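Novice: generate coordinates for the sequence data below:
(2 chains)
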Amino acid sequence: MSADRAADEPADAPDEVDPTVEMADQAGLDEPDLDRGIVEAWAAKMISNPDRAYRATFYVATIFFLVTTLFPFYWLFVIAVTPRNALSTTGVLTPGGTPRVDVDLPLIDAALSVPVGIGEINLASFAQIFTTLPFHRYIFNSFLIATVATVAVLLVGSLAGYVFGRLRFRGRNAMLLLVLVTSFFPPAAFFIPLNRLFNTNVDVLRPLISAGSLYNTPYAIFIPLSAIFLPLSIFILMTFYSQIPDGLEDAARVEGTTRIGALFRVIVPLSAPGVATAGVLTFISVYNEYFFSSLMTDGQPGNWAPMLEGILRFQGEFEVLYNLMAAASIVAVLPVAILVVVAQEKIVSGLTTGAVKE
Amino acid sequence: MASVTLEGITKRYEDVTAVDDMTLEIEDGEFVTFVGPSGCGKSTTMETIAGLTLPTEGTIEIGGRDVTDLPPKDRGISMVFQNIALFPHMDVYDNISFGLRLRKYDQEEVDRRVEEAADIVQLEGMMDRMPKEMSGGQRQRVAIARAIVRNPDAFLMDEPLANLDAELRVHMRTQLQRLHRELDTTIIYVTHDQAQAMTMSDRIAVINGGVLQQVAPPLECYNEPANRFVAGFIGSPAMNFIEGEVVDDGFESQYTRIDFDPAAHGVTPGQEVTVGIRPEDVFLERDSRKAASPTKAFDAVVDVIEPMGKEVNAYLLFDRDVEASAEGRGEGQLLINLAPDTEIGEDDDVRIVMDRENVHLFDRASGNAITHSLE
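Specialist: Below you'll find the model as predicted:
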């Protein structure tokens, strides 16, 4: 080490030391008797060892985000397990009906009610949501609509993404802009014309749909939602497809595929992370969508009303079953949560395939 | 196995003509190399044969069948690409069998053919490797196996060795020649490396600026180049060119004079011509007996010497006042090949002769060859 230094550095600076250590040393020399407070000592430690500060900041930030994102779920869970008659006494952190004791605070004239013990935990609401209403049917409806929309968006988005990402033609940028412009409109702007359109009886549809109109069918939800979420997927897929080398597509075509065959056999599998991203985003957006979902059906489960309608159905004329709504919300989140976990593994595996033995 | 015929192929992009009216007949089983500098249109020509781009004009026949409007998959060709283009998400077996599976061959047939192809390029026991786990040479062999497994009418190879290191490239070059001998299939090969073109081909098609310059066996291109471009492109180190004029009894330039009878070679006094002479056809005056028919000697100064082992390359200047050009060999500079034991030093004054038998004459305006020997 010292030999290296001597070789690397000019001879007049052989005693140079780490500047932070030097600073600390000097501070120690100048103020030998200073009795530092806790905060000051902590600050000095952070300055001399900034990695600790960064790590501390990381944990603070992570915990902050975890709390803000996970607390609503906890809150939902607390409400869901609260018995119906105890809903009014639900605390911030405790289910309603938890026995409490008032503790007088000294000096100020106030009392704090502290929870002691555990009250009645009512897990039955997770079963009641299926018995009170066919909530599983609502979830199935939503799941089906979101799945069909995702498949449709990925299919059309792949074709469009291929064209925009891999072909050069006149008017490409103008058309791309047009696609982008469609996503500028607020979805509400489409609602009235679409609602009238879907309520019109179209005779050619009669053999397919009993009423002859799209209202109260899953098509009424997934068609507009697919169209609204399509531009985003086109942009994601376009970016990924444009990065696949031309040689691979040429090779596939020479080997015996058409352009479309090359797209689905070579380009799409190699863009798996992009396809997964676009698919997950579309699925979640359609599954969670409120506006069209609540207006394009009459809310009957048999008429393909989505999950959202199911949750709102627990709100009756005379009472609101908050505990059931909370339980239904938690149950409704599960399919999406599972999907994201599965897709995330796919995304990660897609990124790291073959990279290990490089 | 099939012949390939190009008839008036032209490819125009908006305002650039990449390939200009190319007509070429490639016989069954022939190994033809398209060679030319980057951007000369050789790859575009190959892509039109493969069907990856459609020609603006002209027709393409493979095995007597007009394929101009057929998609690549129906042309009976297979292709090896410069960037190898193995499908990264498939293992070796899937890569090789990709085309067969698309054509719905039954499993036994696929297995048999894949094994056969893998055997030819010596890939046994690597069937379940992924492309990323293989070396460059192995990947190239997989690409070749993928090309031969379908038994195509013709192979197209687009600079298949360009991405390999030098040693492997020479090795693969001989492998490809052996492969051609074994399969006896038409091979169309694209390269910018004239050494590969010279060593492997039955015929070379030299392309420049989208125009076919000469189609001939390698040695003919070397010994009887059709024009100045071919003369300069084929052969390494490249031919020397001396700009000058035909006079009553020969050729004269600023520094040189070659005596010959203009009438006997179809030139007229006053015509502006370029003399081309290959480095190995220039000799020191003291070795002039090596030349079949030496010209008169003229003076030069040695500028730089490059000993190559089996020979010595010497860059000469005709005059001490000539400034060596930074870009290639300029006017007044000459490169000569000497025997390795030649005693010569930089800055020496030397006298040199050319071998009249191998002096090429080109018309300066058109670049076309006038004669390949002044004998």
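Novice: for stretch B:238-246, which outside residues touch it?
Specialist: Contact partners of stretch B:238-246, identified using Cβ atoms under 8 Å, 6 or more residues apart in numbering or on different chains, comprise B:228, B:231-232, B:251-256, B:262, B:267-279, B:282, B:329, B:331, B:333-335, B:360, B:362, B:364. All C-beta atoms are positioned from the backbone trio N, CA, C, and that covers glycine.
Novice: which among those residues end up buried?
Specialist: B:228, B:231-232, B:251-253, B:255-256, B:262, B:267, B:271, B:273-279, B:282, B:329, B:333-335, B:360, B:362 (16 or more other Cβ atoms under 10 Å in any protein chain shown).
Novice: in helices only, show me these.
Specialist: Among these, the ones falling in helices (DSSP state H) are B:228, B:231-232.
Novice: report the separation between the spatially most central residue of chain B and chain A.
Specialist: With distances taken as Cα atoms, centre = their mean, residue B:194 lies nearest the centre of chain B, 3.3 Å away. Separation of residue B:194 from chain A (Cβ to the nearest Cβ, to the nearest Å): 24 Å.
Novice: what sits against the nearest residue to that residue once chain neighbours are set aside?
Specialist: Leaving aside its chain neighbours, residue B:194 sits nearest to residue B:234 (5.2 Å; criterion: Cβ to Cβ, 6 or more residues apart in numbering or on different chains). For residue B:234, the contact set (Cβ under 8 Å, 6+ apart) comprises B:35, B:194, B:197-198, B:204, B:206, B:218, B:221-222, B:225.
Novice: most neighbours out of those, which is it?
Specialist: Counting neighbours by other Cβ atoms under 10 Å in any protein chain shown, residue B:204 leads those with 31 neighbours.
Novice: that one: which element?
Specialist: Per DSSP states H and E: residue B:204 is located in strand B:203-208.
Novice: can you show me the CA trace of that strand as PDB?
Specialist: Provided in PDB are the C-alpha atoms of strand B:203-208 (Å, rounded to 0.1, in the frame of the first residue of the first chain):
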ATOM      1  CA  ARG B 203     -17.000 -16.800 -60.000                       C
ATOM      2  CA  ILE B 204     -16.900 -13.300 -58.500                       C
ATOM      3  CA  ALA B 205     -19.400 -10.600 -59.200                       C
ATOM      4  CA  VAL B 206     -17.800  -7.300 -58.500                       C
ATOM      5  CA  ILE B 207     -20.300  -4.600 -57.700                       C
ATOM      6  CA  ASN B 208     -19.800  -0.900 -57.300                       C
END
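Novice: what lies in contact with it?
Specialist: Contact partners of strand B:203-208, identified using Cβ under 8 Å, 6+ apart, comprise B:22, B:24, B:26, B:30-37, B:40-42, B:45, B:197-198, B:212-218, B:221, B:229-230, B:233-234.
Novice: next secondary structure after it?
Specialist: Using DSSP H and E, the helix or strand that follows strand B:203-208 in sequence is strand B:211-216.
Novice: and that following strand, what does it pack onto?
Specialist: strand B:16-26, strand B:203-208, helix B:228-233 (3 or more Cβ pairs under 8 Å, 6 or more residues apart in numbering or on different chains; DSSP states H and E).
Novice: just name the most buried of the ones you listed.
Specialist: Comparing the helices and strands packed on strand B:211-216 by mean neighbour count (mean count of other Cβ atoms under 10 Å in any protein chain shown), strand B:203-208 comes out on top with a mean of 25.
Novice: parallel or antiparallel, which strands does it pair with?
Specialist: Next to strand B:203-208 in the sheet, as set by DSSP bridges, lie strand B:31-35 (parallel), strand B:211-216 (antiparallel).
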